[in-house]
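# what's the 3D shape of this:
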Amino acid sequence: MAQAINAQAAPADVLVLEGSLSYGGALPFYTRRRLLLVNGAVDYFSITARLPEARGVFNRPGELQKLWDGPRRVFLVAIVRSIAV
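Residues are numbered from 1 along each chain as shown. Just a heads-up that it's a prediction; the model follows:
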C-alpha cells in the first residue's frame, strides 16, 4: 500500500486512514507522511484523540468530506470488513 501511495503522491497530497490506527500504523513510517484518521478514535485511541497534540489528527466523517472537496488530493485507505449475512 505504501509503495503505491509513494509512487503517485505529491508533497501536498493528504493521507487519510479510515478506522483504527491498529490497521495502518505502519503507513506513516513507510510513506513518510503525516496520517489523518477518520473514525479512528476507538479503543484506547479514544483517550488519545482528546489530547491537545492530537488536534487535527482524529477527524469526523464531515471533516473528511470537506477535505475531499478541497483543492488537495486525498489518498484514503479504508479497511474492508466482510459482513456475514
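# bridging residues for residue 36?
residue 16 (DSSP bridges).
# low pLDDT regions in the chain?
20, 23, 39-61, 81-85 (pLDDT under 70).
# just checking, residue 75 touches residue 18?
No - assessed by C-beta atoms under 8 Å, residue 75 is found out of contact with residue 18, at 11.4 Å. C-betas here are computed from N, CA, C, even on glycine.
# where exactly do the strands run in this structure?
Per DSSP state E, the chain carries strands over the ranges 14-18, 35-38, 58-59, 74-78.
# any idea how far residue 62 is from residue 38?
10 Å (C-beta to C-beta, to the nearest Å).
# remind me, longest helix of the protein?
helix 61-69 (DSSP state H).
# in it, what's buried?
64, 67 (16 or more other C-beta atoms under 10 Å).
# what angle sits between it and strand 74-78?
140 degrees (axes from the mean of the first three to the mean of the last three C-alpha atoms, to 10 degrees).
# what's the closest non-adjacent residue to residue 12?
Leaving aside its sequence neighbours, residue 12 sits nearest to residue 72 (C-beta to C-beta, 6 or more residues apart in numbering; 5.6 Å).
# picking up where we left off before, can you redo the strands of the chain as CSV, where the extra columns are distance to residue 28 and mean neighbour count?
CSV is the format used below for the strands of the chain (distance: least, C-beta to C-beta, whole Å; neighbours: other C-beta atoms under 10 Å):
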stretch, distance to residue 28, mean neighbour count
strand 14-18, 8, 20
strand 35-38, 5, 20
strand 58-59, 14, 20
strand 74-78, 11, 15
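# Dump these into TSV; add distance to residue 27 as well.
Listed next are the strands of the chain as TSV, based on distance: least, C-beta to C-beta, whole Å:
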stretch	distance to residue 27
strand 14-18	6
strand 35-38	6
strand 58-59	15
strand 74-78	7
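# quick one, which of those is nearest to residue 24?
Nearest to residue 24, of all the strands of the chain, is strand 14-18, at 4.5 Å by C-beta to C-beta.
# What angle do strand 74-78 and the closest one make with each other?
20 degrees.
# hmm, back to that, can you report how many residues lie near the residue nearest to residue 12?
10 (other C-beta atoms under 10 Å).
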